[in-house]
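Visitor: model this:
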Amino acid sequence: MAINWFPGHMVAAQKKAAEGLAEVDVVIEVLDARCPAASVNPAINAMRQARNKPALKILNKIDLADPKITEQWLAWFNAQEGVRAIGLSCKKQGESNKVLPEAQKLAPHRDGPLKRLRVMMMGVPNVGKSTLVNAILNRRIANVGDEPAITKLIKRYELTDGTWLFDTPGLMWPKIALETDGLLLAANHLVGVNAYIDEEVATYLAEILLERYPESLTARYGVDPAEMDGPGVIEAVAQRRGFRIKGGGADYEKAAVTLLLDYRNGALGRITVETPESRGVQLEALEIRLAEKAAAEAAAEAERLAELERRSPKKAN
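Guide: Okay, here's the model as predicted:
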């Protein structure tokens, strides 16, 4: 199932954000540390690169992510030109104090009473952007909620030191190229619930857990993951928790929601659902699929033109 979610208000918000980038020095993009690459919005990258703006990538929610893999992701992002990456948990006291000093390092020329730093906070919905904004401002200004796309307007705040902070709505992009990215975004509750089916997303998550964190399933549900597949995990959760529908059958939907919620709130432990290595494999596979598609389209077009040539009347000598 291809997952795409691009509510209408995001079109106008993206246009406003692109225009606003002319006024800022650094883009602060907040990512989910459990799926860092999947939660990168390619439209944000394109907008900031068009304006030649450096980016501070914030891997948020590191308290829920696998610390070893977080280090891999930080190295991966920090190797990119014009990018600096740090990890934090914006709900932890004092963690937000790291952000602006790190952003300042990307714009050393903006340091002084007449040249104050100007930053724009960006990211996909529900990555904790509003919570981070509130922590930086040290007061509740931005709306915070458990559903994606709470913030819908671009807002500007002046901090006590003269720094300007532009807060943007959570932004998605029209078409998610990698189907697995859509599943990872859904697993981490970064898209609206109307965009996906819980059982499909939970099954994909279960397959990742079986491959990388089988012990988390044993610890949480008391199951033996040996020789299980994704659907088998959902069924086992239903059986262990006694989830039944009328007639006595397993309630797979309730089991799927339980697995997703347990993962999201950290009940399964510190888990990261993608690695730089797995990302490379996915991108390589995508390139192959796109090349095959382009070749097939070119062949079809060549055949169409050849057929037109065959059917066209021949000129007499």
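Visitor: specify the local secondary structure of the spatially most central residue of the chain.
Guide: When C-alpha atoms, centre = their mean is applied to the chain, the residue found nearest the centroid is Ser39 (1.5 Å). Of the three states, Ser39 takes coil under DSSP: H, G, I helix; E, B strand; the rest coil.
Visitor: separation between it and His9?
Guide: 20 Å (C-beta to C-beta, to the nearest Å). For every residue, glycine as well, the C-beta is placed using N, CA and C.
Visitor: separation between Glu284 and Glu292?
Guide: To Glu292, Glu284 is 13 Å away according to C-beta to C-beta.
Visitor: does the residue nearest to the centre of the chain really touch Asn126, like I thought?
Guide: No - in this structure Ser39 lies outside contact range of Asn126 using C-beta atoms under 8 Å: 9.5 Å.
Visitor: tell me, what's touching these two both at once?
Guide: Jointly contacting Ser39 and Asn126 under the rule C-beta atoms under 8 Å, 6 or more residues apart in numbering are Asn188, Leu190.
Visitor: what is the burial count for the spatially closest residue to Leu260 that is not a sequence neighbour?
Guide: Nearest residue to Leu260, sequence neighbours excluded (C-beta to C-beta, 6 or more residues apart in numbering): Ala202, at 5.3 Å. By other C-beta atoms under 10 Å, 29 other residues sit near Ala202.
Visitor: could you chop this structure up by domain?
Guide: Segmentation of the chain into domains, based on automatic domain parsing, reads 11-167, 197-264, 276-317.
Visitor: lowest-confidence stretch among those domains?
Guide: Mean pLDDT per stretch puts domain 276-317 lowest among those, at a mean of 84.
Visitor: and the helix or strand hosting Ala256, what does it pack against?
Guide: Per DSSP states H and E, Ala256 falls inside helix 252-264. Applying 3 or more C-beta pairs under 8 Å, 6 or more residues apart in numbering; DSSP states H and E, we find helix 252-264 packed against helix 179-187, helix 198-212, helix 230-241.
Visitor: could you redo the last one with a cut-off of 6 Å?
Guide: Packing partners of helix 252-264 (3 or more C-beta pairs under 6 Å, 6 or more residues apart in numbering; DSSP states H and E): helix 198-212, helix 230-241.
Visitor: list the buried ones in it?
Guide: Tyr252, Glu253, Lys254, Ala255, Ala256, Val257, Thr258, Leu259, Leu260, Asp262, Tyr263, Arg264 (16 or more other C-beta atoms under 10 Å).
Visitor: what of stretch 41-58?
Guide: Residues Asn41, Ala43, Ile44, Asn45, Met47, Arg48, Lys53, Pro54, Ala55, Leu56, Lys57, Ile58 are the ones in stretch 41-58 that count as buried (16+ other C-beta under 10 Å).
Visitor: from those, which land in strands?
Guide: Using DSSP state E, Ala55, Leu56, Lys57, Ile58 are the members of these that sit in strands.
Visitor: which two of these have the greatest separation?
Guide: Greatest spacing in these, by C-beta to C-beta: Ala55 and Ile58 (9.8 Å).
Visitor: and the residue nearest to the centre of the chain, what does it touch?
Guide: Ser39 makes contacts with Leu31, Asp32, Val124, as judged by C-beta atoms under 6 Å, 6 or more residues apart in numbering.
Visitor: pretty sure the second one sits against Ala187.
Guide: No - Asp32 sits out of contact with Ala187 when judged by C-beta atoms under 6 Å, with a separation of 10.0 Å.
Visitor: and the two? Which one has more around it.
Guide: Taking neighbours as other C-beta under 10 Å, Asp32 and Ala187 compare with Asp32 leading, 28 against 25.
Visitor: if anything else comes up later, I'll come back, but that's it for now.
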